[in-house]
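**Q** I'd like to go over a predicted model; first the sequence, then the structure.
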Amino acid sequence: MQSQDVAPRPAPASADPAVDVEQAEAALVEHYPRLVRLAYLVLPPSLGRNRRVVTAHALTQRALPRGRTATPVIPGQATGRDGDPGYALVRLRVLRTALEAGTPLSFRALPKRAQLPPLLPLVRGLRLFPHSGGADELALDQSLSTLSGPARAGYVLRGLEGLTDAEVRRVLDAAGVQDSAAALREADTVPAQYALLGSPEFDPCALQARPTDLMRRRQHTKAALAAAAALAVCGALILLPGDGWGPDGAAAPPYAQNPAAQAALDPAQLTRAAPTAWERSARTDFSVWPARGELTKDSGLLRRALAVWARPGERVQVSATPGTPSGGPSGPPQLLYAGTVDSARVVILYDGLRIVRYAEPKDGTQGAALDFARVDGADRTGASALVLGRADGNVRYLTAPWVKKAAVRDLMKPSAAATGLALTGGVAAPLASSALATGACTQWNVLQLTDGTGSHLLTDLGELLPASLTAGGPEGTSSASGASALRTWSPLACSLAEMRSAGVRSVNAWAYARQSLPDGSGAARWVCTRAETWRGDGTRVLAQFLQPGGTYAAVAAKAEDVPACGPRDPQVLAGVLWKSEGGHWYLLAAGGEDTASIAATGGLHATARGNVLIAAAKQGARAELKGTLTNGGSVAGLG
């Protein structure tokens, strides 16, 4: 359970503790992903993403002290790290070595270990880098690259660790920074987009793998084999009598080729659905999309797209939704689109499992991009649109052949009418993407598509495929385009930003409870939203609390990879600390209609019959919730 308007607990005030290596190891193992992310963000981007990833892991793994070490008391963080001197020590050591790694080598001094490429971990033949994020993450990464190492460290300690400026200066001083105040002033030049630091873009523990330059490796391998062969020949000529050479034996012919792989790279072998295949097919997914666009016969463009898909070069920007394999095609894929979109030539391909988007500038191939999205099991709604391109904060969609009309509506204005979008050859006019917008969330644009079965809402979450929006509870869900569903979604719209870049397939909202407030100011609503992904795991559930007359719902609890609020387990229980207009604090909790009673334990003790609970509380109180169901089962508090 999360609380609102609760001040963080103060750091312990004690003498500098001594940390055993066992205590430091326990902290490092428990918080390893966070420490590696910290190192990755502080390391200079000039190293390149592959070396930053490997170096971040190496520095974190070398952060253990050799024995019992005294460390200054560094302010504690969120629950689980508060007052832990072991975490403070390893964080400080990781920060210090990451700053050292960014110091240029000099002939006047011996290099420090952190300045040299790490010996371990060692990865040969592969480039490792985090998953690509959206435009906001890319812009932040570029802005951080302009900062000095200490300023970048100050920004990260503020955003990732949540330290105050005074606490950040103490950490930087302990790490050996000469002028920590100047570092913070420099960090102020980058906008405070601290939430983005938790993005997959900056997670060096969730990685993608690509081969290194295959042509260069092949040349080096050939040179090495040629040198070895020359040595072998020389030895054989010296040692063998008479003729010297024997038969070839079982050796295979050189340069053997795979016919299936060759066919997958031939534009003439691309499959294309008939323009009317979707009208008579029992399937309504991407397999029945016809090939559209004015460049479907440009064999040169199609050949480049297939070749880059099979072996993307180092300069190709590659992204993939979580859980999506990014290997080459196993056979000739299906062509869905080839045409000019804004200032790029775009090719969309489909292989039965993935949608692949290749884009290159109109004036060359420098800066080409390759995007992958998993689409197996797509239904009529899931296969109704995909992203063709993004430019100037706008997104342009290619729609399914069964889509008759397209429109855009602001999800935060449920009573406003949708605004029509022109459809030309299945390509919709551009609309502003709220998922990539910066600043305060004041609107959330969604795409409304109408086909023979009704209207459906789709939202951009910064990926190749938009996510469908639905509403409803255990009795069933339906499209969020209805008036009641739009009212449910209106205060929840901005929470969709938490689901960006996660491979989300659909998001459902369920208003599961109403609760009269103890000060007589009306009734609050409890809503849970559940985001399902294309890969099955990685689901995200939010329980949100909306006060009467409120514009935005507050996230009361969140969890990942749980069945709550879904078809397998249509139960949810959450609570929040709430302050009345009279200044009194209360614990409010609510479960679904099948909740017979709720009990709170821990920081306070309270019970209530029915599916809602109200208990007087103190500011900062924490409690654990447990509910009993009408069938005798139980439900735990979310989060």
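**A** Nice, I can see it.
**Q** The stretch 351-500 of the chain: helices as residue ranges?
**A** 483-489 (DSSP state H, counting those that start in this stretch).
**Q** In it, what residue spans correspond to strands?
**A** Ranges of strands in the stretch 351-500 of the chain, per DSSP state E, counting those that start in this stretch, are 354-361, 369-374, 385-391, 394-399, 405-410, 419-421, 423-424, 427-428, 431-432, 445-451, 454-459, 467-473, 476-479.
**Q** Surely Arg530 and Thr539 touch.
**A** Yes. Checked against Cβ atoms under 8 Å, the pair Arg530 and Thr539 is within contact range at 6.5 Å. For every residue, glycine as well, the C-beta is placed using N, CA and C.
**Q** list residues touching both of the two?
**A** Gly566 (Cβ atoms under 8 Å, 6 or more residues apart in numbering).
**Q** For stretch 502-518, list every residue counted as buried.
**A** Neighbour-count burial for stretch 502-518, counted by 16 or more other Cβ atoms under 10 Å, picks out 502-513, 515, 517.
**Q** Might you report the residue contacts of the residue lying closest to Lys405 once chain neighbours are set aside?
**A** Sequence neighbours aside, Thr450 is the residue nearest to Lys405 in space, at 4.2 Å (criterion: Cβ to Cβ, 6 or more residues apart in numbering). By Cβ under 8 Å, 6+ apart, the residues touching Thr450 are Val403, Lys404, Lys405, Ala406, Ala407, His456.
**Q** For Ala368, see how far away Thr450 is.
**A** Distance of Thr450 to Ala368, given as Cβ to Cβ, to the nearest Å: 35 Å.
**Q** Over to Leu270?
**A** 19 Å.
**Q** What of Ala416?
**A** For Ala416 relative to Ala368 (Cβ to Cβ), the value is 40 Å.
**Q** So which of the two has more stuff around it?
**A** Shown here are Ala416 and Ala368; by other Cβ atoms under 10 Å, Ala368 has more neighbours (21 against 11).
**Q** Model confidence for the residue nearest to that one when sequence neighbours are not counted, exactly?
**A** Using Cβ to Cβ, 6+ apart and skipping residues adjacent in sequence, the residue nearest Ala368 is Glu360, 4.4 Å away. For Glu360, the pLDDT comes out at 92.
**Q** so how many other residues sit close to His584?
**A** 12.
**Q** In this model Leu577 seems to touch it, though I could be wrong.
**A** No. Using Cβ under 8 Å, His584 is not in contact with Leu577; the gap is 11.2 Å.
**Q** mind listing the helices for the chain?
**A** For the chain, the helices defined by DSSP state H cover 21-30, 32-42, 49-61, 85-101, 135-145, 149-159, 165-174, 180-187, 214-239, 259-264, 277-280, 299-310, 483-489.
**Q** and these, which one's lowest on average pLDDT?
**A** Among the helices of the chain, helix 214-239 scores lowest, with a mean of 48.
**Q** per-domain residue ranges of this protein.
**A** 18-210, 263-374, 388-501, 537-639 (automatic domain parsing).
**Q** so which of the ones you listed comes closest to Thr381?
**A** Of all the domains of the chain, domain 388-501 sits nearest to Thr381, with 4.9 Å by Cβ to Cβ.
**Q** Span of the closest one from start to end?
**A** Across domain 388-501, the terminal residues are separated by 17 Å (Cα to Cα, to the nearest Å).
**Q** And for stretch 419-430?
**A** 12 Å.
**Q** hmm, who's touching it?
**A** With Cβ under 8 Å, 6+ apart as the criterion, stretch 419-430 contacts 292-293, 339, 341, 385, 388, 391, 394-401, 403, 405-409, 431, 447.
**Q** one more time with 6 Å, if that's ok
**A** Stretch 419-430 has contacts (Cβ atoms under 6 Å, 6 or more residues apart in numbering) with Arg292, Asn394, Arg396, Tyr397, Leu398, Thr399, Ala406, Ala407, Val408.
**Q** what's the answer for stretch 395-403, then?
**A** With Cβ under 6 Å, 6+ apart, stretch 395-403 has contacts from 278, 337, 383-389, 426-428, 430, 433, 449, 451, 460.
**Q** Can you give me the separation between Trp309 and Gly603?
**A** 55 Å.
**Q** what's Leu436 sitting at in phi/psi?
**A** phi -100, psi 0 (degrees, to the nearest 10).
**Q** Run a quick neighbour tally on it.
**A** There are 19 residues near Leu436, going by other Cβ under 10 Å.
**Q** Just the pLDDT for Ala209.
**A** 62.
**Q** In CSV, list the contacts of stretch 419-430 along with neighbour count and pLDDT.
**A** What follows is these, written out as CSV (neighbours: other Cβ atoms under 10 Å; pLDDT from 0 to 100):
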residue, neighbour count, pLDDT
Arg292, 19, 97
Asn394, 15, 93
Arg396, 19, 96
Tyr397, 26, 97
Leu398, 24, 98
Thr399, 25, 98
Ala406, 24, 97
Ala407, 19, 97
Val408, 17, 97
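**Q** do you know which of the helices of the chain lies nearest Gln619?
**A** When those are compared by Cβ to Cβ, helix 165-174 sits nearest Gln619, at 22.2 Å.
**Q** Compute the inter-axis angle for the closest one and helix 180-187.
**A** Using axes from the mean of the first three to the mean of the last three Cα atoms, to 10 degrees, the inter-axis angle of helix 165-174 relative to helix 180-187 is 120 degrees.
**Q** Show me what counts as buried in helix 165-174.
**A** For helix 165-174, by 16+ other Cβ under 10 Å, it's Glu167, Val168, Arg169, Arg170, Val171, Leu172, Ala174.
**Q** ok so, going back, out of the domains of the chain, flag the one nearest Ser521.
**A** domain 537-639 (6.4 Å).
**Q** what's the span of the closest one, first residue to last?
**A** 17 Å.
**Q** With stretch 418-435 instead?
**A** Start-to-end, stretch 418-435 (Cα to Cα) is 19 Å.
**Q** Show me which residues of it are buried.
**A** Buried, per 16+ other Cβ under 10 Å, within stretch 418-435: Ala418, Leu421, Leu423, Gly426, Val427, Ala428, Pro430, Leu431, Ser433, Ser434, Ala435.
**Q** How far does that stretch sit from its chain's centre?
**A** 25 Å (Cα atoms, centre = their mean, to the nearest Å).
**Q** now do stretch 444-452
**A** Distance, centroid of stretch 444-452 to centroid of chain: 24 Å (Cα atoms, centre = their mean).
**Q** Take the contacts of stretch 419-430 and lay them out in TSV including distance to Ser299.
**A** Compiled in TSV, the contacts of stretch 419-430 are given as follows (distance: Cβ to Cβ, whole Å):
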residue	distance to Ser299
Arg292	17
Asn394	31
Arg396	25
Tyr397	26
Leu398	21
Thr399	26
Ala406	31
Ala407	37
Val408	36
